[in-house]
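Colleague: Sequence and predicted structure below; questions after.
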Amino acid sequence: MTPKVSIIIPVKKINDYLRQETIPAILKQTYKNFEIIILPDKKTKERFPQTRIIPTYPKTGPADKRDIGARKAKGEILAFLDDDSYPDKNWLKNAVKIFTSHQPPATSHQPIAAVCGPSLTPPHNNLRQKASGYVWSTWLGSSGAGTYRCAIYPRKEIDDYPTVNFLVRKRDFVKVGGFDSHFWPGEDTRLCLLLTKKLKKKIIYDPKVLVYHHRREVFGPHLKQISRYAIHRGHFARILPETSFRIGYFMPTIFVLGLFGGPLLIFVLEIFQLCIISIPLFLLYLFSVFVYLLLLLITVAEVYLKERNLRLALLIVPSIFVTHLVYGVLFIKGFFSPKLRQ
């Protein structure tokens, strides 16, 4: 018998993305044994097929809403989506196949706790949204950290993934206590850590478990989102080092410190007439800047060859550069913050 899937979507209110894309895409799934749970702040008169709408008044955050949805869910598998995302028609079929094909006779010892897949930029997003998408999906833009989350990569086992496209066995979700709203955004990082380290189970990334996720436009909305992630990832690098103390997450900070601290250090060395150190350091600085510019140029070429849009390709340059500056600075703030403000 096919397991029932509960698709949980936290929202502030029912929006056009839900009406026009998310719900229609879910209802077109080739896998039919599912329910939809939408959690808005207030009651609404709107209704959708196979959907329960559960208001969460008084107002609460996305992590709390997901926990409420999980408690109300009737399915064996919880599937989390964002309200500005929509799945491929075979999303559930491909995900459930992974769960069921790795199910041993002793169901309490199922080795796979969760399944996830890429969240791609929708092809109809505008120029600034696509630029944001390429910051997330290119190697340079994401500093090599988690690029597979927003691009197609081969199937593999991972240990950290966002809830925009994340399916987990309800039994395992309950065992680890669900989400922790104190860590929003980032409650998903903590959940994944508990699933893999505490329960000793697997999270499988598969490119066929596919959704599309609308991006925040560069620069304002994009940088606002980046700021939240930077602070939380910096904080996690200190308190949850098992999955967050990784070189890729530190690279923008290293870049910022080198970009602005390098000339200052060289200037100080020159004052003290330490040319034996300052000259090699200056050459290293120039070489590092050259490598960064070269990587930017390569990324621009890759985007142009894929999109055949020169404006978009050129917009990638300031988008990635400013993202690195903002992320690099706020990562430091998060790392040294004793606790996070909600």
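Modeller: Received the coordinates, thanks.

Colleague: Flag the shaky bits of this structure, pLDDT-wise.
Modeller: For the chain, the stretches with pLDDT under 70 are 1, 102-110, 181-185, 341-342.

Colleague: Tell me where it has helices.
Modeller: Secondary structure of the chain (DSSP state H): helices at 16-17, 23-27, 62-72, 91-101, 127-137, 170-175, 187-193, 220-239, 241-244, 247-271, 275-307, 310-336.

Colleague: Mind exporting the C-alpha coordinates of the second one to PDB?
Modeller: Below are the C-alpha coordinates for helix 23-27, written out as PDB (Å, rounded to 0.1, in the frame of the first residue of the first chain):
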ATOM      1  CA  ILE A  23      -2.000  24.200  -5.400                       C
ATOM      2  CA  PRO A  24      -2.600  23.500  -9.100                       C
ATOM      3  CA  ALA A  25       0.800  21.900  -9.400                       C
ATOM      4  CA  ILE A  26       0.200  19.700  -6.300                       C
ATOM      5  CA  LEU A  27      -3.200  18.600  -7.600                       C
END
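
Colleague: What residues of that helix count as buried?
Modeller: 23, 25-26 (16 or more other C-beta atoms under 10 Å). All C-beta atoms are positioned from the backbone trio N, CA, C, and that covers glycine.

Colleague: which outside residues touch that helix?
Modeller: Here helix 23-27 makes contact (C-beta atoms under 8 Å, 6 or more residues apart in numbering) with 7, 34, 36, 48-51, 86-89.

Colleague: From the chain's centroid, how far away is that helix?
Modeller: Chain-centre distance of helix 23-27: 22 Å, with C-alpha atoms, centre = their mean, to the nearest Å.

Colleague: thinking again about what came up before, just send the helices of the chain back as CSV, with distance to S119 too.
Modeller: Listed next are the helices of the chain as CSV, based on distance: least, C-beta to C-beta, whole Å:
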stretch, distance to S119
helix 16-17, 14
helix 23-27, 13
helix 62-72, 15
helix 91-101, 11
helix 127-137, 9
helix 170-175, 20
helix 187-193, 12
helix 220-239, 13
helix 241-244, 19
helix 247-271, 18
helix 275-307, 18
helix 310-336, 18
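
Colleague: Which of these sits closest to G146?
Modeller: G146 lies closest to helix 247-271 among the helices of the chain, at 7.3 Å (C-beta to C-beta).

Colleague: I'd like to know which elements that closest one is packed against.
Modeller: Under the contact criterion of 3 or more C-beta pairs under 8 Å, 6 or more residues apart in numbering; DSSP states H and E, helix 247-271 touches helix 220-239, helix 275-307, helix 310-336.

Colleague: Just the angle for the shortest one relative to helix 247-271, thanks.
Modeller: The reference is to helix 220-239. When axes from the mean of the first three to the mean of the last three C-alpha atoms, to 10 degrees is applied, the directions of helix 220-239 and helix 247-271 differ by 90 degrees.

Colleague: if we can go back for a sec, which one, of the helices of the chain, ends up nearest to A113?
Modeller: Closest among the helices of the chain, using C-beta to C-beta: helix 170-175, at 4.2 Å.

Colleague: I152 and P207, how far apart?
Modeller: Using C-beta to C-beta, to the nearest Å, one gets 5 Å for the distance from I152 to P207.

Colleague: Find the residues that touch each one of the two.
Modeller: In contact with both I152 and P207: P118, using C-beta under 8 Å, 6+ apart.

Colleague: what about those two, which has more around it?
Modeller: P207 (16 against 12; other C-beta atoms under 10 Å).

Colleague: Can you pull the phi/psi pair for the residue lying farthest from the centre of the chain?
Modeller: In the chain, the residue that sits farthest from the middle, by C-alpha atoms, centre = their mean, is Q273; the gap is 47.5 Å. Note on Q273: its backbone torsions stand at phi 60, psi 40 [degrees, to the nearest 10].

Colleague: ok now do it, which residues does it touch?
Modeller: Here Q273 is in contact with no residue (C-beta under 8 Å, 6+ apart).

Colleague: wait, what's in contact with the residue positioned nearest the centre of the chain?
Modeller: Nearest residue to the geometric centre of the chain (C-alpha atoms, centre = their mean): P162, 4.3 Å. Listed by C-beta under 8 Å, 6+ apart, the contact set of P162 reads 119, 149, 188.

Colleague: picking up where we left off before, determine which of the helices of the chain approaches S143 most closely.
Modeller: helix 247-271 (3.8 Å).

Colleague: Buried residues, that closest one. List them.
Modeller: By neighbour count on 16+ other C-beta under 10 Å, the buried set for helix 247-271 is 249-253, 255-256, 258-259, 262, 265-266, 269.

Colleague: same thing with stretch 321-332?
Modeller: Under 16+ other C-beta under 10 Å, the buried positions of stretch 321-332 are 321-332.

Colleague: can you give me phi and psi for the spatially closest residue to D67 that is not a sequence neighbour?
Modeller: Closest residue in space to D67, ignoring its immediate chain neighbours: G178 at 4.6 Å, by C-beta to C-beta, 6 or more residues apart in numbering. Main-chain dihedrals, G178, degrees, to the nearest 10: phi 70, psi -150.
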